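>>> need the 3D shape of this:
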Amino acid sequence: MAYYDLYGKDLLTTQWWSKEELNAVLDLAKDLKMKYYSRVPHEYLKDKNFIMMFYNTSTRTRLSFETAMTHLGGHAIYLEPKMMRLTESGKKGESIKDTAIVMSRYADGIGIRLLEDKITYYGEGHAIIKEWARHATVPVIDMASDRFHPCQGLTDIFTAKEKLGNVEGKKYVIMWAYSPWARSWGSVQEDALIMSRYGMDVTIAHPPGYDLDPEVMKWVKQNAEENGREFVVTTDLEEALQGAHVVFPRNWHSPRRYEIGKEAEAKEAEKYKNWKLTMEMLEKYTDKALFMHVMPVDRGDEVDDEVADSEYSVIYDQAENRLHVQKAILTLVMGGRL
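Presented below is the predicted three-dimensional model:
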């Protein structure tokens, strides 16, 4: 596969890209990271524009994409629906179709972030991003939705490979962790999908009532079977942590979140405040596992400070890698000249 074969391709989830296409991103990201530290210019997207549509606020996503476009010689344009005349819930405005087509005349790519409190039911964020992709004539990138988070997933496998070397057969544990924030499923589902694509044993541990998307879980199981690896879902946290090489503690809302409301969801989660990654658990049950997290970390709830600040933590390297991986994604889908 040539690098230009990805030109114009949407990235809505890593599951819909071939392994060869994913490898192209990881290989280029490694090269771009070396260039970054060697101070070698890499303006592969000179004079190109990337429109970033943020329905939800962001720290790492906005900073990493804007910085990426600057390093690549292009320009990032920040937008929010409230800055436009776009149709929103309860408000008549311009259609996604018309907006997407016009944006495609001005820019070379579009990124969209839409999740949690900006939607009214699970799956709506992903469906809206698909609608943008259907009408846009330039590539659309999911910058985090309620269902998927492909840029984060690619970053996390890049980081795992960077830290562990060969990841095949290594155990990746995604554990539900208490937090009142009631966050979306995108990051945990994307990580389960891509880690299983790369031959890791994936275990998801959560209290009763916190099941994830059945269709996505089916895909993870298929990925694991194709690679001869294990995929386990359990409510036994101690069992899940046994022999782990990576632990990702993350809060996510229950399937009833949009039925019962945010306050009731947060109240229900209080039953499981003991679901937190501690140093004692990490050292007792795991194989000196790395602590990974997509951030923001709910310190004291999801994980103890002792773990977050320990030698096991790679969260800052992981956050930095968003920059390098996204530069690779942007270069490949927006027709960068390497």
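
>>> just the pLDDT for the nearest residue to Asp211 once chain neighbours are set aside.
Nearest residue to Asp211 in three dimensions, chain neighbours excluded: Pro255, at 6.1 Å (C-beta to C-beta, 6 or more residues apart in numbering). All C-beta atoms are positioned from the backbone trio N, CA, C, and that covers glycine. Looking at Pro255, its pLDDT is 97.

>>> next, count neighbours for Pro255.
Per other C-beta atoms under 10 Å, the neighbour tally for Pro255 reads 14.

>>> that one belongs to a strand, doesn't it?
No. Read with DSSP: H, G, I helix; E, B strand; the rest coil, Pro255 is coil and lies in no strand.

>>> show me the contacts for it.
Listed by C-beta atoms under 8 Å, 6 or more residues apart in numbering, the contact set of Pro255 reads Tyr122, Gly209, Tyr210, Asp211.

>>> need the max-distance pair from those.
Tyr122 and Gly209 (14.5 Å; C-beta to C-beta).

>>> higher neighbour count, the two?
Between Tyr122 and Gly209, Tyr122 has the larger neighbour count (other C-beta under 10 Å), namely 18 against 13.

>>> in terms of contact, does the more buried one touch Arg257 like I think?
Yes. Counting by C-beta atoms under 8 Å, Tyr122 does reach Arg257; the two are 7.2 Å apart.

>>> isn't Tyr4 up against Val333?
No. Counting by C-beta under 8 Å, Tyr4 does not reach Val333; the two are 10.4 Å apart.

>>> out of the two, which sits in the busier spot?
Using other C-beta under 10 Å, the more surrounded residue of Tyr4 and Val333 is Val333, with 21 against 12.

>>> spatially nearest residue to the more buried one (excluding sequence neighbours)?
Pro139 (4.1 Å).

>>> check Arg337 too.
Nearest non-adjacent residue to Arg337, counting by C-beta to C-beta, 6+ apart: Tyr44, 5.8 Å away.

>>> wait, isn't that neighbour in contact with Thr331?
Yes. In this structure Tyr44 lies within contact range of Thr331 using C-beta under 8 Å: 4.8 Å.

>>> shared neighbours, the two?
Leu72, Leu338.

>>> who's more crowded, these two?
More neighbours surround Thr331 than the other of Tyr44 and Thr331, with 26 against 22 (other C-beta under 10 Å).

>>> tell me the SS of that one?
Criterion first, three-state DSSP; result for Thr331: helix.

>>> can you verify my assumption that it contacts Leu72?
Yes. Assessed by C-beta under 8 Å, Thr331 is found in contact with Leu72 at 6.4 Å.

>>> what residues do the two have in common as contacts?
Residues touching both Thr331 and Leu72 by C-beta under 8 Å, 6+ apart: Tyr44, Leu45.

>>> what ranges in the protein fall below the confidence cut-off?
87-91 (pLDDT under 70).

>>> domain parsing for it?
3-148+321-333, 152-318 (automatic domain parsing).

>>> check the secondary structure at Ala160 for me.
Local secondary structure at Ala160 is given as helix here, using three-state DSSP.
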